[in-house]
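Q: Structural data only, the sequence is not supplied:
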C-alpha cells in the first residue's frame, strides 16, 4: 500500500483528491492538511506511529508555511517522504524552487484523474515525475534570466564523473528516459540504467528531479539546448 498525505488549503480540492486516491486498492490516504505547518506536524505524528506517508501531495501557495518551505522541512525528516507538488500553472514561478527544495516532481491541479494516480505511483516507486518537454521549458524559462555557469564554476563532484557519465547526466538533464538515453548512446537500456545509477550515487542525487536541476545550474545543459 502507498501511504499518501494530501496537503492543500482549499478544502474541496483536498477532499476531492483524498476521495479519489482513497478509492484505489493500492493507495491509503493517511490524512490531509490545510497548510504546510499542519503537513509537517501530521507527518511527524504519523512517523511516531510508524505510519509515515510514502508520498505527500503538496500545494505551493498556502498560509503559515508554504509548500516549498514545508518540502524542505519534510525532506530533512527521517524517514523522508517523496513530495509531489501541485500547481495551477505549468510555469508557476514556485515550481523551480520546489524542485530545488527536493520535490520529486510536479502535477497540474487540473490534470485528469488517471494522471494523478499515475503520478503518485511513479513517485512512490522512487522515480521523478518530469515530463521532458514541460521540464525543459520550465527550467530553461527561469535559468535563462540568470547567469549561466561555465565549466570553471561546476562543482568539484562533477570532476569525479567519467566522460560517459558526464554525457549521461547531460541527457538526464535534457529530460530523457533510460530508454532514450540508451538509444542516444547505442547501448542496451540496462546499461543506461546502470550509468544513471552510478551518476546519482557519485553526486548524491536523490532522483531525476535533482539531476535535472544540477545539470542546468552547472551549465552542463543550457536553456534552449
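A: Thanks, I have the structure now. From a predicted model like this one, the values you see are computed outputs, not experimental measurements.
Q: Output the below-cut-off pLDDT ranges for the protein.
A: Applying pLDDT under 70 to the chain flags residues 89-95, 128-155, 223-225.
Q: Where do the helices of it begin and end?
A: 11-22, 36-48, 67-74, 95-101, 113-124, 132-143, 163-173, 178-185, 189-203, 208-217 (DSSP state H).
Q: The third one vs helix 36-48, what angle?
A: Spelled out, it's helix 67-74. Between helix 67-74 and helix 36-48, the angle formed by their directions is 30 degrees, by axes from the mean of the first three to the mean of the last three Cα atoms, to 10 degrees.
Q: picking up where we left off before, the helices of the chain: which one's closest to residue 82?
A: Of all the helices of the chain, it is helix 113-124 that lies closest to residue 82, at 4.6 Å by Cβ to Cβ. Bear in mind the C-beta positions are built from the backbone N, C-alpha and C, glycine included.
Q: Now that closest one: buried residues?
A: Taking 16 or more other Cβ atoms under 10 Å as the basis for neighbour counts, the residues of helix 113-124 that come out buried are 116, 117, 119, 120, 121, 122, 123, 124.
Q: May I have the residues that are in contact with the last one?
A: Residues touching residue 124, when contacts are defined by Cβ atoms under 8 Å, 6 or more residues apart in numbering, comprise 2, 54, 55, 82.
Q: please redo it, this time with the cut-off set to 10 Å
A: Under the criterion of Cβ atoms under 10 Å, 6 or more residues apart in numbering, the neighbours of residue 124 are 1-4, 26-27, 53-55, 81-82, 84, 104.
Q: I'd like the distance between it and residue 214.
A: 23 Å (Cβ to Cβ, to the nearest Å).
Q: same check, this time on the second one
A: Taking Cβ to Cβ as the criterion, residue 117 is separated from residue 214 by 29 Å.
Q: Nearest the middle, which residue of the chain would you pick?
A: Of all residues in the chain, the one closest to the mean position by Cα atoms, centre = their mean is residue 104, 1.6 Å from it.
Q: Could you measure from that residue over to residue 46?
A: Distance check for residue 104 against residue 46: by Cβ to Cβ, it reads 19 Å.
Q: Over to residue 1?
A: 14 Å.
Q: Of these two, which one has the most company?
A: Summary of the neighbour comparison: residue 1 and residue 46, criterion other Cβ atoms under 10 Å, with residue 46 having more neighbours (17 against 11).
Q: I'd guessed the more buried one sits against residue 81; true?
A: Yes: in terms of Cβ atoms under 10 Å, residue 46 counts as a neighbour of residue 81; the distance is 9.4 Å.
Q: joint contacts of those two?
A: Listed contacts common to residue 46 and residue 81 are 3, 5, 52, 53; contacts here mean Cβ under 10 Å, 6+ apart.
Q: residues touching the spatially closest residue to the second one that is not a sequence neighbour, list them.
A: Meaning residue 5. Of all residues not flanking residue 5 in the chain, residue 53 sits nearest, at 4.3 Å (Cβ to Cβ, 6 or more residues apart in numbering). Applying Cβ under 10 Å, 6+ apart to residue 53 gives the contacts 2-6, 28-31, 39, 42-43, 46-47, 74, 79, 81-83, 124.
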